[in-house]
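S.K.: no sequence on this one, just coordinates:
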C-alpha cells in the first residue's frame, strides 16, 4: 500500500521500489525473528515427529530467506518492482498454504 501511495506523488520518487523493498526487508526480518523466538518455545520432539510440519517449516523458511535476500538485493542494486512484488506473492502464498494446513489437519 505504501508503494501505491508513493506512486501517486508527482513527480514520482526515483527510488520508490528501493524504499519499499527496504521497508519490506525490515518488516519481514522482524517477523522472522519473532516467529523464531516463538517456535523455540514449542516442543521440539513433537515438531520433529510430524513430517509435514517439519517439511513446511524448512520449505517456507528457505523461500522466506530467498525472498528477504531478493528484497535486500533490490534495495541495494536493482530498484525494480518485480522483486518487491515477489515478496508480496511469497507472503500471500505462504498464508494460503498455512490456512489450508489448518483446515485439512486432523483434529486432535
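M.R.: Sure, I can see it. Since the structure is predicted, the reported quantities are computational estimates derived from the model, not experimental observations. Numbering: from 1, shown residues only.

S.K.: Flag every buried residue along the helix or strand hosting residue 35.
M.R.: Element membership for residue 35, per DSSP states H and E: helix 16-40. Neighbour counts over helix 16-40 (16 or more other CB atoms under 10 Å) mark 16, 17, 18, 19, 20, 21, 22, 24, 25, 28 as buried. For glycine as for every other residue, the C-beta is placed from the backbone atoms N, C-alpha and C.

S.K.: and what of stretch 61-79?
M.R.: For stretch 61-79, the neighbour count (16+ other CB under 10 Å) marks 64, 67, 68, 70, 71, 72, 74, 75, 79 as buried.

S.K.: Pick out the most distant pair among those.
M.R.: Taking every pair in the buried residues of stretch 61-79 and measuring CB to CB, the maximum separation is 22.1 Å, between 64 and 79.

S.K.: So which residue is smack in the middle of this structure?
M.R.: The C-alpha lying nearest the average C-alpha coordinate of the chain belongs to residue 91 (CA atoms, centre = their mean; 4.6 Å).

S.K.: Quick one: residues contacting that residue.
M.R.: By CB atoms under 8 Å, 6 or more residues apart in numbering, residue 91 lies in contact with 28, 67.
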